[in-house]
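S.K.: need coordinates for the following:
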Amino acid sequence: MNMEQKSVNAIRVLAADTIQKANSGHPGLPLGSAAMAYELWTKHMKHNPADPKWVNRDRFILSGGHGSALLYSLLHLFGYGLTMDDMKQFRQLNSLTPGHPEYGHTVGVEATTGPLGAGMAMAVGMAMAENHLAATFNKEGYPVVDHYTFVLGGDGCMMEGISYEAFSLAGTLGLGKLIVLYDSNNISIEGDTNIAFRENVQQRFQAFGFQTLYVEDGNDLEAIGKAIEEAKADTTRPSMIEIKTKIGYGCPAKEGKASAHGEPLGVENVAALRENLGWEIAESFTIPQDVYDHFKEYSDQNVKAEDEWNTLFAEYTAKFPEMKELWDEYYDEDRGQLLYDLEDFWSIPEKAEATRNLSGSRINVMKEVLPNLFGGAADLAPSTKTNMKDEGDYSKENPLGKNLHFGIREIAMAAIGNGIALHGGLRPYVSTFFVFSDYVKPMARLSALMGLPLTYVLTHDSIGVGEDGPTHEPIEQLAMLRALPNFNVFRPADATETSAAWYYAMTVKDAPTALVLSRQNLPQLDGSSRDALKGGYIIEDSEKETPDAIIIASGSEVQLGVEARKILAGEGIDIRVVSMPCMDVYEQQPEEYKERILPKNVRARVAVEALSDFGWGKYVGLDGEIVSMHGFGASAPGSVIFEHFGITTDAVIQAVRKTLK
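M.R.: Now for the predicted structure:
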């Protein structure tokens, strides 16, 4: 057995041992894909275990995240810091080898994957980021941004609709440095894919605008390598390489069967795998030194590759100091803090204005301070007001453009935004109507799980949408997004709160932010302030030290609370109005602050929001009232709908009176 075959088998055996010890996992993909992964990682991919965050490394995403034992085996053998003890702790509490790869948890993992197809779409985002940054920074003879994005996934990733959406866009954009490795084995959990998946994947990708390549034998390293080089040679199109493999390869009892997918092979079958592969070491978790030495040779080559890049970059910065200054601005994660003292950013119009319009004006101020702002909408920029003026449209023909057109592809848009954020160097935002956050949600969940500072601009925030009716009027979506851990949802009431929401989004480093914005015009409130950055604050205070009652609201309903306070004051009822633009950030404040805003001894409380009441109970308690929606909306002018459903000043007043009784 030559060293290459021995090394491929080392990946297989280590993955099988890892899964068997845990008595849990998915051996099918690692056994079937080991050869393509070995060929890619050793001969075609720039990556440096000594510097896993090297900015010009090639990116590798395992979209079929259930096959994590493959990735962990590679990271161990290449010397990324995963020890054999880590491998033995696979799927155990607090280990570095969780069941699916987790970004930020395990060194060398470029993206959290598990939901099938998500990695495919995030890879598209990474390739877009590389393409845009290359157009921005590269000079003749100085390709300082020059790397590939590789993504590996199987039939399940190809079946999920998100991959269709993302790859359609990738083909349109001509992302020549995106290379998809398709582990094609015709098996899914329920059996042969023929039961539900008979399409010609090659023709589908050709229709997308991809170069398509085919490798008949998934163990033929030479053929796989040749296909990868052909993929790299086509600089005008992304490439998809279909590689025919056998799930569970090498295990006589499991090879080619659905049972290889998601359960350990079994002790006897692991022994049979060793024998069938010609692996002479019976002891588990034992890799010969010559195999480690073989992988180290390739790692050492990549150290040289980074050294050469560092030399190139030093020459580049010396020759183009203005580009070095721009580079530093792009990669300065604290640059958003400059917005705090920028007068234009906090400007307040004299008249009532929709918060979506206010957001649009803020974006066009921010772009002058944050040159790496990079974002757009799912075919809705004129409505969500997310277009950056004079910055051009990002396209195959104009990779310098900063306005992204995702097409009507909301779930892929969110995943692509994740990929852009993961790549680094850019501050991305994505946008659609708030009601369509239902389409966005699975990828927003990954944003939160990975702690990515991706901004979601979600407009048309309530029944105020009006004539479009209940299909376009969000009701439960705010509660849905608020329920996400590590996901900050701002629903601002006016210009100052909209600026605060954007400031928070542009300065937070470890969480996504959603701006939920109105279609209808909202008045500028006298009491609004930058205290909105605390998530909840007193916008109109009571005359007494302890108010008779507290009204809490967000967005367009804050004005109802302010109006109700004035009327109730005439009745001798003293009211505090609290604006709650972001429950998530409010909950992060010290207890002393929260007690000052919502003192526990004031039990007469009313919450007002033109959406579901879900989640407000913890603020109003058993004695409080909630003025909210209890069904879907209707089609009529927005003002008529608010009146029809009882989201009015009078309803707030009646609720306060009821709590005081």
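S.K.: show me how far stretch 570-581 is from its chain's centre.
M.R.: Chain-centre distance of stretch 570-581: 39 Å, with CA atoms, centre = their mean, to the nearest Å.
S.K.: same check, this time on stretch 84-102
M.R.: 23 Å.
S.K.: what does stretch 468-476 give?
M.R.: The chain centroid and the centroid of stretch 468-476 are separated by 25 Å, computed with CA atoms, centre = their mean.
S.K.: how about it: buried residues?
M.R.: Neighbour-count burial for stretch 468-476, counted by 16 or more other CB atoms under 10 Å, picks out 470, 472-475. Yep, even glycine has a C-beta here, placed from its N, CA and C like the rest.
S.K.: among those residues, which one sits closest to residue 117?
M.R.: Proximity of the buried residues of stretch 468-476 to residue 117 (CB to CB) peaks at residue 474, which lies at 25.3 Å.
S.K.: please flag which of the buried residues of stretch 468-476 sit within strands.
M.R.: Among those, DSSP state E puts none in strands.
S.K.: export those to CSV and tack on distance to residue 659 and pLDDT?
M.R.: Below are those laid out as CSV (distance: CB to CB, whole Å; pLDDT from 0 to 100):
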residue, distance to residue 659, pLDDT
470, 30, 97
472, 33, 98
473, 28, 98
474, 27, 98
475, 24, 98
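S.K.: now for these, which pair is the farthest apart?
M.R.: Longest distance between any two of these is 11.0 Å, between 472 and 475; criterion CB to CB.
S.K.: ranges for the strands of the stretch 101-250 of the chain?
M.R.: Counting by DSSP state E, counting those that start in this stretch, the stretch 101-250 of the chain has strands at residues 149-154, 178-184, 187-188, 191-192, 211-215, 239-244.
S.K.: Serialize these to a markdown table and add fields for distance to residue 224.
M.R.: Output for these, formatted as a markdown table (distance: least, CB to CB, whole Å):
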| stretch | distance to residue 224 |
| --- | --- |
| strand 149-154 | 12 |
| strand 178-184 | 9 |
| strand 187-188 | 20 |
| strand 191-192 | 24 |
| strand 211-215 | 5 |
| strand 239-244 | 6 |
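S.K.: nearest approach to residue 532 belongs to which of the ones you listed?
M.R.: Proximity to residue 532 (CB to CB) singles out strand 149-154 among the strands of the stretch 101-250 of the chain, at 38.1 Å.
S.K.: can you report how many residues neighbour the residue nearest to residue 477 when sequence neighbours are not counted?
M.R.: Nearest non-adjacent residue to residue 477, counting by CB to CB, 6 or more residues apart in numbering: residue 437, 5.0 Å away. Using other CB atoms under 10 Å, residue 437 is surrounded by 22 other residues.
S.K.: same check, this time on residue 305
M.R.: 16.
S.K.: helices and strands around the helix or strand it falls within, which ones?
M.R.: Using DSSP states H and E, residue 305 sits in helix 289-319. Here helix 289-319 touches helix 3-22, helix 68-78, helix 321-330, going by 3 or more CB pairs under 8 Å, 6 or more residues apart in numbering; DSSP states H and E.
S.K.: centre of the chain versus that helix, how much separation?
M.R.: Relative to its chain's centre, helix 289-319 lies at 30 Å (CA atoms, centre = their mean).
S.K.: could you do stretch 391-405 as well?
M.R.: Centre-to-centre, stretch 391-405 and its host chain are 21 Å apart (CA atoms, centre = their mean).
S.K.: can you pull out the helices in the stretch 251-400 of the chain?
M.R.: Secondary structure of the stretch 251-400 of the chain (DSSP state H, counting those that start in this stretch): helices located at 267-277, 289-319, 321-330, 355-369, 381-384.
S.K.: distance to residue 422 and mean pLDDT added to those helices, as CSV?
M.R.: CSV is the format used below for the helices of the stretch 251-400 of the chain (distance: least, CB to CB, whole Å; pLDDT from 0 to 100):
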stretch, distance to residue 422, mean pLDDT
helix 267-277, 34, 98
helix 289-319, 20, 97
helix 321-330, 15, 98
helix 355-369, 21, 98
helix 381-384, 23, 98
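S.K.: dump these into CSV; add distance to residue 428 as well.
M.R.: CSV is the format used below for the helices of the stretch 251-400 of the chain (distance: least, CB to CB, whole Å):
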stretch, distance to residue 428
helix 267-277, 43
helix 289-319, 24
helix 321-330, 12
helix 355-369, 12
helix 381-384, 14
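S.K.: among those, show me which one is buried the most.
M.R.: Comparing the helices of the stretch 251-400 of the chain by mean neighbour count (mean count of other CB atoms under 10 Å), helix 355-369 comes out on top with a mean of 21.
S.K.: quick check: which ranges of the chain have low pLDDT?
M.R.: Low-confidence segments of the chain, defined by pLDDT under 70, are absent.
S.K.: would you map out the domains in it?
M.R.: Structural domains assigned to the chain are 3-302, 335-517, 533-660, following automatic domain parsing.
S.K.: reformat those domains as TSV; add distance to residue 523.
M.R.: Shown next, in TSV, are those (distance: least, CB to CB, whole Å):
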stretch	distance to residue 523
domain 3-302	38
domain 335-517	5
domain 533-660	6
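S.K.: looking at those, which is closest to residue 322?
M.R.: Of all the domains of the chain, domain 3-302 sits nearest to residue 322, with 11.0 Å by CB to CB.
S.K.: gap between that closest one and the chain center?
M.R.: Put simply, domain 3-302 sits 20 Å off its chain's centre (CA atoms, centre = their mean).
S.K.: gap between the two ends of that domain?
M.R.: Domain 3-302 has an end-to-end distance of 20 Å (criterion: CA to CA, to the nearest Å).
S.K.: show the contacting residues for the closest residue to residue 214 other than its chain neighbours.
M.R.: Using CB to CB, 6+ apart and skipping the chain neighbours, the partner closest in space to residue 214 is residue 242 (5.1 Å). Going by CB atoms under 8 Å, 6 or more residues apart in numbering, residue 242 touches 182, 184, 201-202, 212-215.
S.K.: so who does residue 464 touch?
M.R.: 518-520, 556, 610, 638, 641-642.
S.K.: circling back to that earlier point, so for residue 327, which of the domains of the chain sits nearest?
M.R.: Closest among those, once you apply CB to CB, is domain 3-302, at 6.5 Å.
S.K.: before we move on, back to that, of the strands of the stretch 101-250 of the chain, which is nearest residue 423?
M.R.: Nearest of the strands of the stretch 101-250 of the chain to residue 423, taken as CB to CB: strand 149-154 at 8.4 Å.
S.K.: which helices and strands does the closest one pack with?
M.R.: On the basis of 3+ CB pairs under 8 Å, 6+ apart, strand 149-154 makes packing contacts with helix 28-39, strand 59-62, helix 118-137, strand 178-184.
S.K.: try 6 Å
M.R.: Contact analysis of strand 149-154 by 3 or more CB pairs under 6 Å, 6 or more residues apart in numbering; DSSP states H and E lists strand 59-62, helix 118-137, strand 178-184 as its packing neighbours.
S.K.: ok, the nearest residue to residue 224 once chain neighbours are set aside - how many residues close by?
M.R.: Spatially, and ignoring its direct neighbours in sequence, residue 224 is nearest to residue 39 (4.6 Å; CB to CB, 6+ apart). When neighbours are counted by other CB under 10 Å, residue 39 registers 24.
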